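*Asks:* got a structure for you, letters missing:
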Ligand SMILES: Cc1cc2nc3c(=O)[nH]c(=O)nc-3n(C[C@H](O)[C@H](O)[C@H](O)COP(=O)(O)O)c2cc1C
């Protein structure tokens, strides 16, 4: 399998991949954790609606076991060892109604999370976004009201020595991409 890195692609994008193995010793300090939130804060959103919120937990803090307890079996194998776990919330509906708060709420949240992952990469960290958790149970755990949704979670941290460089990233079948030519819409 070819590990293709296209010349000219920004190194932060070219070197990004989503590990399922994090260094269980490495701790991210509060300042760097805040930078991840800051990166999300400066993401664009429809009408500047900023339809996002984040439950941010550093491994060892009070929120960490409350997040870990609701992971699915698959993510429970690797996410607890990440330095930081984040639950990504979107403002889906207008309070007390079933009207969409913004038809772009999930789009905007995704973009904010993408900003976080690029900021993480710039800090020498890796990120894996995931849906493998019990959404309802987690929303109940943190008292999330019906008009908000915990859409995804993210895990941030360092990878164990020897797996971090782009040259050595795993040749994982889950990373195979459609050719660029296929992405261009043709009538
Ligand atoms: C919205 C979303 C949900 C995801 N859910 C999971 C998940 O539940 N479990 C998991 O191991 N990876 C999950 N992933 C990670 C993807 O599988 C991964 O990004 C994809 O295989 C591409 O690999 P790469 O990020 O290394 O390029 C998710 C990613 C996104 C963006």
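*Replies:* Perfect, I can see it now. These numbers come from a predicted model, not from an experiment. Residues are numbered from 1 along each chain as shown.
*Asks:* all helices of this structure, in order?
*Replies:* 11-14, 30-41, 63-68, 73-76, 105-122, 135-141 (DSSP state H).
*Asks:* most packed of these?
*Replies:* The highest average neighbour count among the helices of the chain, using mean count of other CB atoms under 10 Å, belongs to helix 105-122 at a mean of 20. Every C-beta, even on glycine, is put in place using the N, C-alpha and C of the backbone.
*Asks:* So which bits of this structure are right by the ligand?
*Replies:* By CB under 6 Å from any ligand atom, the residues of the chain that approach the ligand are 17, 18, 20, 75, 128, 129, 130, 131, 132, 152, 174, 175.
*Asks:* So which of those sits lowest on pLDDT?
*Replies:* pLDDT is lowest at residue 174 among the residues of the chain next to the ligand; the value there is 77.
*Asks:* Can you pull out the low-pLDDT segments for the protein?
*Replies:* The chain contains residues with pLDDT under 70 at 1-5, 162-171.
*Asks:* tell me the angle the lengthiest strand in the chain makes with helix 30-41.
*Replies:* As assigned by DSSP state E, the longest strand anywhere in the chain is strand 148-157. Orientation check (axes from the mean of the first three to the mean of the last three CA atoms, to 10 degrees): strand 148-157 against helix 30-41 gives 130 degrees.
*Asks:* So which elements touch strand 148-157?
*Replies:* strand 84-91, helix 105-122, strand 126-130, helix 135-141 (3 or more CB pairs under 8 Å, 6 or more residues apart in numbering; DSSP states H and E).
*Asks:* what's the second one packed up against?
*Replies:* The one in question is helix 105-122. So helix 105-122, by 3+ CB pairs under 8 Å, 6+ apart, packs with helix 11-14, helix 30-41, strand 52-58, strand 84-91, strand 126-130, strand 148-157.
*Asks:* Of all the ones you listed, which one comes closest to residue 182?
*Replies:* helix 11-14 (18.9 Å; CB to CB).
*Asks:* What helices and strands are in contact with that closest one?
*Replies:* Under the contact criterion of 3+ CB pairs under 8 Å, 6+ apart, helix 11-14 touches helix 105-122.
*Asks:* what's the angle between the helix it packs on and strand 84-91?
*Replies:* Going by the same axes, to 10 degrees, helix 105-122 makes 160 degrees with strand 84-91.
*Asks:* and helix 105-122, how far from the chain's centre?
*Replies:* Averaging C-alpha positions (CA atoms, centre = their mean, to the nearest Å) puts helix 105-122 7 Å from its chain's average.
*Asks:* before we move on, what about stretch 66-77?
*Replies:* Going by CA atoms, centre = their mean, the spacing between the C-alpha centre of stretch 66-77 and its chain's C-alpha centre is 15 Å.
*Asks:* need the contact list for residue 75.
*Replies:* 130, 132, 133, 153, 155 (CB atoms under 8 Å, 6 or more residues apart in numbering).
*Asks:* what number of residues lie near the fourth one?
*Replies:* In terms of burial, residue 153 registers 25 neighbours under the definition other CB atoms under 10 Å.
*Asks:* I appreciate the help and will end here.
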